[in-house]
Structures are given as C-alpha cells and as structure tokens.
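Q: Curious how this folds, go ahead:
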Amino acid sequence: MKFLGIVSLPPLETMVALKILALFHEMLKSKIRPDHVTFLAIISVCGHADEVKDGIQCFKLMAEEFGIPARMEHYTCMVDLYGRAGRLNKAFKTIKSMSCSPDAGTEFDEGKKGSEIPGYSWIEVNNTTHMFVAADDSHPQSKHIYSLLKMILLELKRKGYIPQHYRLMHSQSIVS
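A: So this is what the prediction gives:
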C-alpha cells in the first residue's frame with residue numbers, strides 16, 4: 001500500500017473569500033460598477049478570511065478608482081481586518097486617519113491591558129445604518145431585537161441547528 005500523505009485544505013472562510021473575490025473581479029471586468037455596500041461586503045469577507053492584502057487593495061480601489069468615500073462602516077471593516085490579523089498598530093492608525101469620528105465599532109481603549117476587541121455587526125435599513133456591538137443594549141430597540149433573535153435561535157435549535165463557537169484566527173487582545 002502506497003502512503004499518499006495528508007492533504008491540507010485551506011479553511012472554508014478562505015475558500016469562500018477567494019470565490020467572492022473572483023466574482024468581484026468578474027463583476028469589474030463586466031463593467032458593473034460596485035457601490036459602497038459591495039465594497040463593504042468585500043472588505044468584510046477579506047477580514048474574516050485573513051485576506052488582508054486584498055482587503056487593503058479593495059479599500060484603496062473604492063476611493064481611488066470609483067470615487068466612493070469611505071464611510072464609518074468601511075473604516076470599521078478595516079479596523080476589524082487589521083485586528084483579526086493581529087496588526088493592531090495599523091488598526092489604530094486607521095482610526096486616527098478616519099475622516100469621521102470613531103464610534104463603538106472602531107474605538108479601542110488603548111490604556112487598558114488585555115482589552116478585548118468587541119464583536120459587532122451592522123445592517124442598513126431605509127438608508128439608516130444600525131450598528132450592533134456584541135452584548136450591547138444601547139440601541140433604542142435592543143429589547144425587541146434580542147427578543148426576536150432569541151425566538152429565531154429557539155426555532156433554529158428546534159430544527160436541529162447546533163450553535164458553533166467562534167474560532168479566533170489570531171489573538172484579539174490589545175496589550176499596551
């Protein structure tokens with residue numbers, strides 16, 4: 001019997017990110033103009049798949065090639081991208097270079113040792129962006145939102161869904 005060895009496949013996130021990036025480039029070749037939401041999705045995907053170089057290129061492409069100014073959400077994705085890659089100095093530089101004031105999704109407390117970077121997400125509804133920080137209850141409708149999420153999770157579990165714990169790709173602690 002011949003030993004074939006072990007084949008290592010890239011993480012699923014990376015495979016999905018590469019497919020999404022390929023579709024994005026296909027879109028550009030087809031002369032389909034991306035909007036700010038497209039760039040937001042691409043930069044976010046790059047951050048989650050540890051495709052830092054591609055995320056940086058897309059962020060620059062957005063402003064330089066398409067004239068789309070970076071919004072708070074884009075900066076938040078860039079801070080997340082750098083933070084997930086363990087490049088906290090770049091994350092801080094991004095925050096300091098922002099053309100708008102930092103919010104809960106981008107602010108770090110540089111003075112605290114071992115501060116954790118919060119998990120966050122956002123959604124745009126009727127041209128209004130709503131940002132959610134993990135375990136945050138400051139949103140005016142947070143009680144209603146958490147109630148709906150609880151009902152959805154219970155229904156998903158009833159249908160057989162088993163929650164997966166988030167896997168960190170890099171240390172997420174900020175150490176002074």
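
Q: How many residues are close by Phe24?
A: 20 (other C-beta atoms under 10 Å). For the C-beta atoms, the positions are set from N, CA and C on the backbone; glycine is no exception.

Q: mind listing the helices for this protein?
A: Here the chain has its helices, by DSSP state H, at 12-29, 36-48, 52-64, 72-84, 88-97, 142-158.

Q: From Thr76, how far out is Ile162?
A: Between Ile162 and Thr76 the distance is 30 Å, computed by C-beta to C-beta, to the nearest Å.

Q: quick one, which of those two is more surrounded?
A: Thr76 (27 against 6).

Q: Which of the helices of the chain sits closest to Thr129?
A: Comparison of the helices of the chain against Thr129 by C-beta to C-beta identifies helix 72-84 as nearest, at 6.2 Å.

Q: buried residues in the closest one?
A: Neighbour-count burial for helix 72-84 flags 72-84 (criterion: 16 or more other C-beta atoms under 10 Å).

Q: Can you tell me which of the helices of the chain is packed in deepest?
A: The highest average neighbour count among those, using mean count of other C-beta atoms under 10 Å, belongs to helix 72-84 at a mean of 24.

Q: Show me what that helix is packed against.
A: The contact analysis (3 or more C-beta pairs under 8 Å, 6 or more residues apart in numbering; DSSP states H and E) places helix 72-84 against helix 36-48, helix 52-64, helix 88-97, strand 120-125, strand 128-133.

Q: No more questions from me, cheers.
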